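> Generate a structure from the sequence data that follows.
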Amino acid sequence: MSRASKREKAEVQLQMLEAQFSANLVAALQECASGRWGMFGQNDAVIESQPKPLRDMLASSVAARLIEDGENIRRLRRELGHSESFSPFERFLRYRKMQGGNSPGEPNLAAQFLAELGIGPC
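Below you'll find the predicted structure:
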């Protein structure tokens, strides 16, 4: 396979990964805006102090999957020489850093994020 063909294949894969990430992100944000916590990790410190069965039940597998997928997109973008970052993932990480007593709760953060994306909650 030629170098150009490999690059084209990788670009198509990147576009598919980014589209899937965006769709998964919107679905998770809509669920979070409806009241499901865990997307932004605001309770992770409390969850870590719980016994393993309860910790496994409370931890957000959706957030972990989004982070893993976002890291894969970052890696592929780097390999392809893209200088700009993938904005939806970078925004998601910024939102995950919004923690503390004065930060809005996760459902409100999700609604705010959806509004930034131009999408209303379900």
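> low-scoring pLDDT stretches of the protein, where are they?
Counting by pLDDT under 70, the ranges of the chain that qualify are 1, 54-59, 121-122.
> in it, which spans are helices?
Using DSSP state H, the helices of the chain run over 3-33, 44-48, 52-58, 61-79, 87-96, 106-116.
> could you measure residue 37 against residue 63, distance?
In this view, residue 37 and residue 63 are 10 Å apart by CB to CB, to the nearest Å. No exception for glycine: its C-beta is placed from N, CA and C like everyone else's.
> nope, residue 45 is what I meant
To residue 63, residue 45 is 14 Å away according to CB to CB.
> between these two, which one's more packed in?
Using other CB atoms under 10 Å as the criterion, residue 45 and residue 63 rank with residue 63 on top: 18 against 9.
> Contacts only, for the more buried one.
Shown here is residue 63, whose contacts under the criterion CB atoms under 8 Å, 6 or more residues apart in numbering are 28, 38, 39, 40, 41, 96.
> Verify the stated contact: the fourth one with residue 111.
Translated: residue 40. No - using CB atoms under 8 Å, residue 40 is not in contact with residue 111, being 11.9 Å away.
> Most tightly packed of the helices of the chain?
Scoring those by mean neighbour count under mean count of other CB atoms under 10 Å gives helix 106-116 as the most buried, with a mean of 18.
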